[in-house]
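Peer 1: Generate coordinates for the sequence data below:
(2 chains)
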Amino acid sequence: DAGVTQSPTHLIKTRGQQVTLRCSPKSGHDTVSWYQQALGQGPQFIFQYYEEEERQRGNFPDRFSGHQFPNYSSELNVNALLLGDSALYLCASSLYRVGYEQYFGPGTRLTVT
Amino acid sequence: AQRVTQPEKLLSVFKGAPVELKCNYSYSGSPELFWYVQYSRQRLQLLLRHISRESIKGFTADLNKGETSFHLKKPFAQEEDSAMYYCAYMKTSYDKVIFGPGTSLSVIP
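Peer 2: Numbers count the residues shown, from 1 in each chain, chains lettered A, B, ... in the order given. You can find the predicted model right below:
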């Protein structure tokens, strides 16, 4: 089991563009959470998906949206990119009933120019 | 707002010295508290959970509800303890995880 995988590793986009990041959870996990980690800060919770529905959401604008597929993999979409969206985006998977034990992916580094 | 504070961004200790990484949270209920760790070139991973009350890699953490603190301690630091440590909490088992800003621990040989 490769654990949580994310793609792409790095991404450079221009302001105003849209981006899609992808995440495959650890085998056996049913829940995916997304985090934004700016330089020098801790991960900030964006949202969580379980049973293909958004279950929890952090303090992020509607420009941030997501999806979970029947195979539990997930996408994070960000529209109308701003310079401030530049960050490391982390995906974490878990079992819904054991939400504290999150397994993190390596992250996608997004740079907005 | 739910918050976790870690007052030290950087902490340096000598090998064999005691280490304490501080964490305070702002929630009046009974949260679940955790410490996550990220070693160099590795992924963020769960270190310990307050409910389990176990010692992991020699680290322990005591929940003080009166002071809303959850400090991480180890009596004798080792070089391999050098890492980024994040305090985190959840209001309930099904809630989102809120992370603190992190403390970078450097153990000097």
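
Peer 1: got the residues of chain A near chain B?
Peer 2: Residues of chain A found near chain B (CB under 8 Å from any CB of the partner chain) are A:3-4, A:33, A:35, A:40-45, A:48, A:56, A:58, A:90, A:92, A:96-106. To be clear about C-beta, it is placed using only N, CA and C from the backbone, and glycine gets the same treatment.

Peer 1: Could you rerun that using 7 Å?
Peer 2: A:41-43, A:45, A:48, A:56, A:58, A:99-102, A:104-106 (CB under 7 Å from any CB of the partner chain).

Peer 1: Quick check on those: which are buried?
Peer 2: Burial by neighbour count, 16 or more other CB atoms under 10 Å in any protein chain shown: within the residues of chain A next to chain B this picks out A:42-43, A:45, A:48, A:56, A:58, A:99-100, A:102, A:104-106.

Peer 1: Let me have the residues you listed in CSV, extended by secondary structure and pLDDT.
Peer 2: Converted to CSV, those look like this (DSSP: H, G, I helix; E, B strand; the rest coil; pLDDT from 0 to 100):
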residue, secondary structure, pLDDT
A:G42, coil, 94
A:P43, coil, 96
A:F45, strand, 95
A:Q48, strand, 95
A:Q56, strand, 91
A:G58, coil, 93
A:G99, coil, 76
A:Y100, coil, 78
A:Q102, coil, 90
A:F104, strand, 96
A:G105, coil, 97
A:P106, coil, 95
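
Peer 1: among those, which two are most distant?
Peer 2: Greatest spatial distance in these: A:Q56 and A:P106, 22.8 Å, computed using CB to CB.

Peer 1: List the buried residues of stretch A:11-29.
Peer 2: Using 16+ other CB under 10 Å as the test for burial, stretch A:11-29 gives A:13, A:19, A:21-26, A:29.

Peer 1: And for stretch B:78-86?
Peer 2: Across stretch B:78-86, burial judged by 16+ other CB under 10 Å covers B:81-83, B:85-86.

Peer 1: where does chain B dip in pLDDT?
Peer 2: Along chain B, segments meeting pLDDT under 70 span B:1-2.

Peer 1: Around chain A, pick out the residues from it.
Peer 2: For chain B, the contact set with chain A under CB under 7 Å from any CB comprises B:32, B:34, B:43-46, B:49, B:86, B:90, B:93-102.

Peer 1: Of those residues, which belong to strands?
Peer 2: With strands defined by DSSP state E, the entries of the residues of chain B next to chain A inside them are B:32, B:34, B:45-46, B:49, B:86, B:90, B:98-99.
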